[in-house]
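K.L.:
A predicted structure for the sequence below; I have some questions about it.
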Amino acid sequence: MNWTQLLSDRRLGATRTERPQSRGWARSDFERDYDRLVFSPAFRRLQNKTQVFPLPGNIFVHNRLTHSLEVSCLGRSLGNIVGEVLSERYPSYRETPFRSGISAIVSAACLAHDMGNPPFGHSGERAIGAYFSEGAGKHWESFVRAEGGRWEDFLFFEGNANAFRLLTHQFRGRRPGGFALTYSTVASIVKYPYSSLLSGGKSKFGFFVTEEETMQEVAEELGLIRRTTSALSYARHPLVYLVEAADDICYQIMDIEDAAKLHILSREEAQGLLSAFFSEDELREVQQGLRLIADPNEQTAYLRSKVINLLVEEAAGIFLDAEQALLSGTFEGSLIHHLSPRTKAAYEACSQTAYARIYRAREVVDVELAGHRIFTALLDQLLEAQLHPDYQYSRTLLSRVSSQYEMERPTMYGRIQSALDYISGMTDIYALDLYRRITGMNLPAV
């Protein structure tokens, strides 16, 4: 792969004769991608979607919106470092927008990386997969397979694949190309650039069968390396590694800070985990800064900021050292997997603590339990309504659904996908409210 082709400002859905609009203007087309995402309803809805902890009461913790904004900030920093070095490394590539282009692409892709996630955090993805593997949805497998549909798309439902669909699919009433983002921004969110047939039961894949042609188009435009000749699979776009690193750094370190605020971890435990990232000399310098701060929460925030800065600089260095492996598609693992020994040990200690103490905390488990019940009820009702659209109840329920979701699709695969499009776009509160209304647990105020 080569940078000249990988950094394409052509837009998905544009004709081959159309050129980018922003030549000679103050904003590049990659910057337009960022703005287009920020002003979209789908992005605004992230403010009411769970990140890890339930949406806050009197203590504010991260939701999907604040998480995505923070990831985008880190992505911009990573892109700035990488773009600056690559522009010096390839001075003859004058037309390749290393400096501004990489930073803008990565920051925009970071904004979009969670836009396909359903309500209730990652537990929402697990609840959908469980509905089709263990619940009532298992009944539809024979129908989908009989019509030639890909059951694995639902069995291993994946928020990353759904983000690719959300950003690229021409829903009814939308323009060709969905959000009509640049090819490079779209490719930079595809963390798992292969179909569900190759997911290996790990619930990780990058696009549904309905978006395979779009993925092929993106890959051909950017020159992504094709890995298999049967089921669709490609090497990652190199900038995916920066988006992934920004996400990994944010959720792992910010979850430690949130857990301290919620008293799931003590302040001493949280600060001990964060202090482990530094050498003795670095820690002495950090402690000098801590002495100037009296508030315990601000002390933890100061440590967190120092850790994030360290991780960003190290991840950018790993990317630059591995540039040729990234371009040839031979780089293995994430940038985080290649951290220096001390940094990696500290990161893994945070990860182990998070899985043992945070992600299995009672509040987080309660969200997962509620999500299973809510998704089961919504999917049962929506699929039944699509199968019997002339029933009085079906007509009433389907009247609530926006026409963009095309609930009248003729195949079982299409009906399930339409129901998932609708549910995935919901906020936590909307999903809970709809569940209460259709089950008769709540009535509108008169």
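P.N.:
Yes, it's here.
K.L.:
which ones are touching Val401?
P.N.:
Val401 sits next to Leu382, Met407, Tyr422 when contact means Cβ atoms under 8 Å, 6 or more residues apart in numbering. Where you see a C-beta, it was placed from the backbone N, CA and C, and this is true even at glycine.
K.L.:
can you pull the contacts of Phe143?
P.N.:
Shown in contact with Phe143 (Cβ under 8 Å, 6+ apart): Met412.
K.L.:
by neighbours, which of the contacts of Val401 wins?
P.N.:
Counting neighbours by other Cβ atoms under 10 Å, the top entry in the contacts of Val401 is Leu382, with 26 neighbours.
K.L.:
tell me the secondary structure at that residue.
P.N.:
Three-state call for Leu382 (DSSP: H, G, I helix; E, B strand; the rest coil): helix.
K.L.:
quickly note the distance from the closest residue to it other than its chain neighbours to Glu314.
P.N.:
Once flanking residues are discounted, Leu382 sits nearest to Ala419: 4.2 Å by Cβ to Cβ, 6 or more residues apart in numbering. Computed with Cβ to Cβ, to the nearest Å, the distance linking Ala419 and Glu314 is 43 Å.
K.L.:
repeat for Leu86
P.N.:
18 Å.
K.L.:
would CSV of the contacts of Val401 with pLDDT and distance to Ile264 be doable?
P.N.:
Output for the contacts of Val401, formatted as CSV (pLDDT from 0 to 100; distance: Cβ to Cβ, whole Å):
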residue, pLDDT, distance to Ile264
Leu382, 93, 35
Met407, 90, 41
Tyr422, 93, 34
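K.L.:
and which of those residues is nearest Leu7?
P.N.:
Tyr422 (35.2 Å; Cβ to Cβ).
K.L.:
and the helices in the stretch 101-250 of the chain?
P.N.:
Using DSSP state H, counting those that start in this stretch, the helices of the stretch 101-250 of the chain run over 121-133, 141-146, 152-155, 159-168, 183-187, 212-222, 240-261.
K.L.:
so which of these gets nearest Val71?
P.N.:
Of these, nearest to Val71 by Cβ to Cβ is helix 240-261, at 4.7 Å.
K.L.:
can I get the closest one in CSV? Just the C-alpha atoms.
P.N.:
Output in CSV follows, covering the C-alpha atoms of helix 240-261 (Å, rounded to 0.1, in the frame of the first residue of the first chain):
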residue,chain,number,x,y,z
VAL,A,240,-6.9,2.2,11.8
TYR,A,241,-4.1,1.5,14.1
LEU,A,242,-4.0,5.1,15.3
VAL,A,243,-7.8,5.2,15.8
GLU,A,244,-7.6,1.9,17.7
ALA,A,245,-4.7,3.2,19.9
ALA,A,246,-6.6,6.4,20.8
ASP,A,247,-9.7,4.3,21.8
ASP,A,248,-7.6,1.8,23.8
ILE,A,249,-5.8,4.5,25.7
CYS,A,250,-9.0,6.4,26.4
TYR,A,251,-11.2,3.7,27.6
GLN,A,252,-8.6,1.9,29.7
ILE,A,253,-7.2,5.0,31.5
MET,A,254,-10.5,6.9,31.8
ASP,A,255,-12.3,3.9,33.2
ILE,A,256,-9.8,3.8,36.1
GLU,A,257,-10.6,7.5,36.8
ASP,A,258,-14.3,7.0,36.6
ALA,A,259,-14.1,4.0,38.9
ALA,A,260,-12.3,6.1,41.5
LYS,A,261,-15.0,8.8,41.3
